[in-house]
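Visitor: sharing a model that was predicted from the sequence below.
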Amino acid sequence: MLQAIGEEARQRASELAGERVQTIYFGGGTPSLLSVEEINGLLQTLAAHYALSEDMEITLEANPDDLQSLDYLRALRGDTPVNRLSIGLQSFVPADLAYMNRAHSADEAARCLENAAATGFDNLSVDLIYGTPTLSDADWRGNLQRVFEHKIQHLSCYALTVEPKTALAQHVKTQKVAPPDEEQAARQFEILLAETAAAGFEQYEISNFCRPPHYARHNTAYWQGKKYVGLGASAHSYDGQRRRWNIANNALYTRAVLGGASYWEEELLTESDVFNETLMTALRTRWGLTQERMAAFSAAQRAHFEREAAPYVQRGLLLREAAGYRLSDAGKLLADTILADLFIA
C-alpha cells in the first residue's frame, strides 16, 4: 500500500506544479497504525515530488486506543514532523461508546489526551458526537467540560447520523437500539454553542470550534474552495473543475496503481455544481458567502441566489452584511434545508 501511494504521488506531481503544499493530513482508516519510519518515509516521498512549505500543518488522525503508548507518542512528536493530532474520541460516557460500537473505553479516551499532552503535543483536535439516545444533556455538558479541562485547542462536534450498511443501522432497523432523536440533537447543538462560547471557543464552521488562532488549516482550505490532492485508497481530490476519487478497496487500489491500471473515477463539475458547492462550503463557515466569492457567479446565478435567499433574510436565518451573507445561529440549525432551497437544480 505505501509503495502504491508513493507511485501515485509520483504520477500526480504535476497537479501542484508551482505551488507549495501548506497542509498534509494522514486520515481515513487508522493512519496511527503507521510506524514512525513509515510516516517519515511517506513524507520523504512527498518532498521528492511536491514543494512543501516550511511551516506545514501536518495532522495525524487517530483513535484513542491507538494512542495508549507513551513511547509511540514520544517518537511521533520527537522524530517526525507531525505537529497536530485529530482524535476520534466521540464520548467519555461508556453507554455512548457501546451504542456507537466504538473499540475504545471511556478510560482510554481520557488517557490518550493525557498522554498526548505529556509528550509535547499542544495542537490537538478532538471529535465528539451528540444526539445519541444514551447521552443526557448533563452528560453532554460533562463531555464538553472534560475536553475544556484538557486544554484542547480544536473541537469537531457532529450530530449522530445512522449511516447505511453499518452495524448501528442494522441495530436501529431491528429495534435493538433506539434511533436518534432530532429534538434532542437540536437541543444539544444549542448547548454546544453556549458551552463553547463560554470556554473561549469560536465557532468558525457549523461543526468546528477552536480557540483562535487554532483553525484547522487543512479543512479551512476545503471550505474556501481551494484545490487539494488525495493519495491512497478512497482518497478524493479537487482541482476547481473536477472531482476525482480512488478505488476504495486497499488491495484493488494497490494492484491497479502498481500494475499500471486505472485506479480512479472523476467527474467534470458543471457551472451549477460549482455554484452549489460554493454555497455549501462557504455558508457553513463564520466568514460566510463573501462578496469576493460571489463575484465568480454569473448574473443569473447571483439573481437566483438573492431571490431564494430573501425569505431567509427576512426571517433572520440568513444575515445579509456588507461582507456578504452568513447563517445566524438559528439558521445553522436549519442549514441543510436552507442550502437545499438555495441550490440550482
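Guide: Sure thing, it's come through.
Visitor: which intervals of the stretch 201-345 of the chain have sub-threshold pLDDT?
Guide: Nowhere does the stretch 201-345 of the chain drop to pLDDT under 70.
Visitor: and the helices in it, which stretches?
Guide: Ranges of helices within the stretch 201-345 of the chain are 217-223, 250-259, 271-282, 291-294, 299-314, 329-333, 335-342, based on DSSP state H, counting those that start in this stretch.
Visitor: quick one: closest of these to Gln170.
Guide: Closest of the helices of the stretch 201-345 of the chain to Gln170 is helix 250-259, at 23.8 Å (criterion: CB to CB). Just so you know, the C-beta spots here come from the backbone N, C-alpha and C atoms, and that holds for glycine as well.
Visitor: check which helices and strands the closest one sits against.
Guide: Packing partners of helix 250-259 (3 or more CB pairs under 8 Å, 6 or more residues apart in numbering; DSSP states H and E): helix 2-11.
Visitor: and the helix it packs on with helix 250-259, angle?
Guide: Using axes from the mean of the first three to the mean of the last three CA atoms, to 10 degrees, the direction of helix 2-11 lies 50 degrees away from that of helix 250-259.
Visitor: CA-only coordinates of helix 2-11 in PDB, if you can.
Guide: C-alpha atoms of helix 2-11 as PDB (Å, rounded to 0.1, in the frame of the first residue of the first chain):
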ATOM      1  CA  LEU A   2       2.700   2.500   0.900                       C
ATOM      2  CA  GLN A   3       4.600   1.700  -2.300                       C
ATOM      3  CA  ALA A   4       1.400   2.400  -4.200                       C
ATOM      4  CA  ILE A   5       0.800   5.700  -2.500                       C
ATOM      5  CA  GLY A   6       4.400   6.700  -3.400                       C
ATOM      6  CA  GLU A   7       3.800   5.700  -7.000                       C
ATOM      7  CA  GLU A   8       0.600   7.700  -7.100                       C
ATOM      8  CA  ALA A   9       2.400  10.700  -5.700                       C
ATOM      9  CA  ARG A  10       5.000  10.500  -8.500                       C
ATOM     10  CA  GLN A  11       2.400  10.200 -11.200                       C
END
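Visitor: which secondary structure elements does whichever helix or strand comes after it contact?
Guide: Next in sequence after helix 2-11, counting helices and strands by DSSP states H and E, comes strand 20-26. For strand 20-26, the elements it packs on are helix 36-49, strand 51-62, helix 217-223, judged by 3+ CB pairs under 8 Å, 6+ apart.
Visitor: got these as CSV, with mean neighbour count and distance to Glu114 columns?
Guide: Formatted as CSV, these follow (neighbours: other CB atoms under 10 Å; distance: least, CB to CB, whole Å):
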stretch, mean neighbour count, distance to Glu114
helix 36-49, 16, 21
strand 51-62, 17, 14
helix 217-223, 18, 25
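Visitor: follow-up on the earlier one: closest to Lys173 out of the helices of the stretch 201-345 of the chain?
Guide: Across the helices of the stretch 201-345 of the chain, closest to Lys173 is helix 335-342 (CB to CB), at 22.9 Å.
Visitor: let's see the closest one as PDB, backbone CA atoms only.
Guide: Listed next in PDB are the C-alpha coordinates belonging to helix 335-342 (Å, rounded to 0.1, in the frame of the first residue of the first chain):
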ATOM      1  CA  ALA A 335     -28.600  24.700   7.300                       C
ATOM      2  CA  ASP A 336     -29.400  21.600   5.200                       C
ATOM      3  CA  THR A 337     -32.900  22.800   4.500                       C
ATOM      4  CA  ILE A 338     -31.800  26.400   3.700                       C
ATOM      5  CA  LEU A 339     -28.900  25.200   1.400                       C
ATOM      6  CA  ALA A 340     -31.200  22.800  -0.500                       C
ATOM      7  CA  ASP A 341     -33.500  25.700  -1.300                       C
ATOM      8  CA  LEU A 342     -30.600  27.900  -2.400                       C
END
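Visitor: residues in contact with Ala178?
Guide: By CB atoms under 8 Å, 6 or more residues apart in numbering, the contact set of Ala178 is 133, 172.
Visitor: that should have said Gly6, apologies.
Guide: 42, 45.
Visitor: please apply the same query to Ala221.
Guide: By CB under 8 Å, 6+ apart, Ala221 lies in contact with 22-23, 228.
Visitor: what's the spacing between it and Ala17?
Guide: In this view, Ala221 and Ala17 are 18 Å apart by CB to CB, to the nearest Å.
Visitor: what are the ranges of the strands in the stretch 151-300 of the chain?
Guide: In the stretch 151-300 of the chain, strands defined by DSSP state E, counting those that start in this stretch lie at 154-159, 202-205, 208-210, 236-238, 242-246, 264-268, 289-290, listed in chain order.
Visitor: report the angle between the fifth one and helix 2-11.
Guide: I take that to be strand 242-246. Angle of strand 242-246 versus helix 2-11, following the same axes, to 10 degrees, is 160 degrees.
Visitor: tell me the angle strand 242-246 makes with strand 264-268.
Guide: Using the same axes, to 10 degrees: strand 242-246 against strand 264-268 is 160 degrees.
Visitor: nearest residue to the middle of this structure?
Guide: Residue closest to the average C-alpha location in the chain (CA atoms, centre = their mean): Asn219, at 6.1 Å.
Visitor: any idea how far it is from Val257?
Guide: Distance from Asn219 to Val257, by CB to CB: 27 Å.
Visitor: now Leu16. Nearest residue, chain neighbours left out?
Guide: Distances taken as CB to CB, 6 or more residues apart in numbering put Tyr50 closest to Leu16, at 5.6 Å, once the chain neighbours are dropped.
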